[in-house]
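Enquirer: what follows is a predicted protein model with its sequence.
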Amino acid sequence: MGFDVKALQSRLVGRRIDWRLHFLDTVDSTNRVALDLARKGAPEGTIVLADCQTAGRGRLHRAWQSPPGCNLYASLLIRPEIDPADAPQLTLMAGVAAEETLSALCPEGVGLKWPNDVLIRGRKVCGILTELRMAGGAVAAVVVGIGVNVNMPRADFDPAYRETATSLREETGQEQSREEVAFRLCESFEKWYETFRCEGFSPVREDWLARSEMPGRRVRVLFRDEAQEGRVIGIDHDGALLIADDLGATRRVTAGDADIMKG
Ligand code: BT5
């Protein structure tokens, strides 16, 4: 099904954020385009959407599978005044917005996994990639890339992660409107961004923790060749994961892929 970009744009008029949609049929990466627009001075609220990506980006140079006609690939440009070290806070903020959006459409089993995943019943339905544009040592713009598997059939996922990925349709048994998912995502995003700007990261962190199964669970976080293990005790002021190791010491985990252990 085609993407009704006009219908979406008309629903996004007159809101707290002045959303400006750029829709592309095929693009390498919506994040790449949004960063380019940022460099050219595009304002906060610029959003790049595509039907299909040929080089969708994940973290650490990984790929995001982005076939046409079924999913949402969106890059939201904002210009917050933040320290670069606090950028992970925005990934968590976007996670809260995405979780809020998806749990309204799929009433059971939606939750957040640090640092950038939304899961349904333990499978990844959405991933977030935050990229910064720096100028003179300061953050000039932030691009928050959000990929949501909306109607993608299980059989179409790459076999490498077919068992660990899912789509809204697989979980609800119903075809979902991509425009509706996009609209709700913008609505939630602007609400949480306002909270973030007015009240800081604390309320976002509280909400993130309430939307995640991770607190209290034992996790293993792998970053490059190093693994850290412990029980999740919270999120630090900058978005780092806080775990208690087996000796009871608190450790900060700033990057990596987390596995929630059984038991
Ligand atoms: C992410 O990376 O989860 C960030 C994904 C961000 C994608 C959006 S789409 C719009 C915007 N434009 C872009 O170019 N990117 C953003 P990471 O945590 O590194 O997860 C990547 C891993 O997830 C891959 O190595 C695969 O194992 C798996 N994966 C790839 N495609 C997937 C998909 N469609 N659904 C679920 N898992 C996937």
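Expert: Good, I have the coordinates.

Enquirer: residue contacts, the closest residue to the ligand within the stretch 1-150 of the chain?
Expert: As assessed by Cβ to the nearest ligand atom, the ligand sits closest to residue 127 within the stretch 1-150 of the chain, at 2.0 Å. Heads up, the C-betas are built off the backbone N, CA and C, glycines and all. Going by Cβ atoms under 8 Å, 6 or more residues apart in numbering, residue 127 touches 58, 64, 116-118, 146-147.

Enquirer: buried subset of the residues you listed?
Expert: 64, 116-118, 146-147 (16 or more other Cβ atoms under 10 Å).

Enquirer: within reach of the ligand, which of the residues you listed are there?
Expert: Restricting the buried ones among the contacts of residue 127 to those near the ligand by Cβ under 6 Å from any ligand atom leaves 64, 116, 146-147.

Enquirer: pop out the phi and psi values for residue 4.
Expert: phi -90, psi 80 (degrees, to the nearest 10).

Enquirer: that one reaches residue 183, doesn't it?
Expert: No - the pair residue 4 and residue 183 fails to qualify as a contact (Cβ atoms under 8 Å) at a distance of 10.7 Å.

Enquirer: surely residue 183 meets residue 9?
Expert: No - the criterion here is Cβ under 8 Å, and residue 183 misses it with residue 9 at 10.0 Å.

Enquirer: any idea of the pLDDT on the residue of the stretch 151-263 of the chain found nearest the ligand?
Expert: Using Cβ to the nearest ligand atom, the closest approach of the stretch 151-263 of the chain to the ligand is made by residue 165 at 3.4 Å. Looking at residue 165, its pLDDT reads 98.

Enquirer: contacts only, for it.
Expert: 123-125, 149, 157.

Enquirer: same check, this time on residue 195
Expert: Per Cβ under 8 Å, 6+ apart, neighbours of residue 195: 203-204.

Enquirer: would you mark the buried spots in the host helix or strand of it?
Expert: Secondary structure from DSSP states H and E places residue 195 in helix 178-199. Of the residues in helix 178-199, 178-179, 181-190, 192-193, 195-196 count as buried by neighbour count, 16+ other Cβ under 10 Å.

Enquirer: circling back: the contacts of residue 165 in strands, which ones?
Expert: Mapping these onto strands (DSSP state E) picks out 123-125.

Enquirer: flag the shaky bits of the stretch 51-200 of the chain, pLDDT-wise.
Expert: Counting by pLDDT under 70, the stretch 51-200 of the chain shows no low-confidence range.

Enquirer: what parts of it come near the ligand?
Expert: So the stretch 51-200 of the chain meets the ligand at 53, 56-60, 62, 64-65, 73-75, 116, 124, 127-129, 145-147, 149, 161, 165 (Cβ under 6 Å from any ligand atom).

Enquirer: re the thing from before, got a markdown table for the ones in strands among the contacts of residue 165, with neighbour count too?
Expert: Below are the ones in strands among the contacts of residue 165 laid out as a markdown table (neighbours: other Cβ atoms under 10 Å):
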| residue | neighbour count |
| --- | --- |
| 123 | 20 |
| 124 | 19 |
| 125 | 27 |
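
Enquirer: let me see the residues that make contact with stretch 214-221.
Expert: 112-114, 209, 227-234, 241, 243, 253, 256-261, 263.

Enquirer: try stretch 98-114
Expert: So stretch 98-114 is contacted by 92, 95-96, 118-121, 124-126, 128, 146, 148, 168, 171-172, 176, 180-181, 184-185, 187-188, 192, 208, 211-214, 232, 235, 241, 258, 260 (Cβ under 8 Å, 6+ apart).

Enquirer: which SS state does the residue nearest to residue 188 when sequence neighbours are not counted fall under?
Expert: Sequence neighbours aside, residue 97 is the residue nearest to residue 188 in space, at 3.8 Å (criterion: Cβ to Cβ, 6 or more residues apart in numbering). In three-state terms, and counting by DSSP: H, G, I helix; E, B strand; the rest coil, residue 97 is helix.

Enquirer: done for today, thanks.
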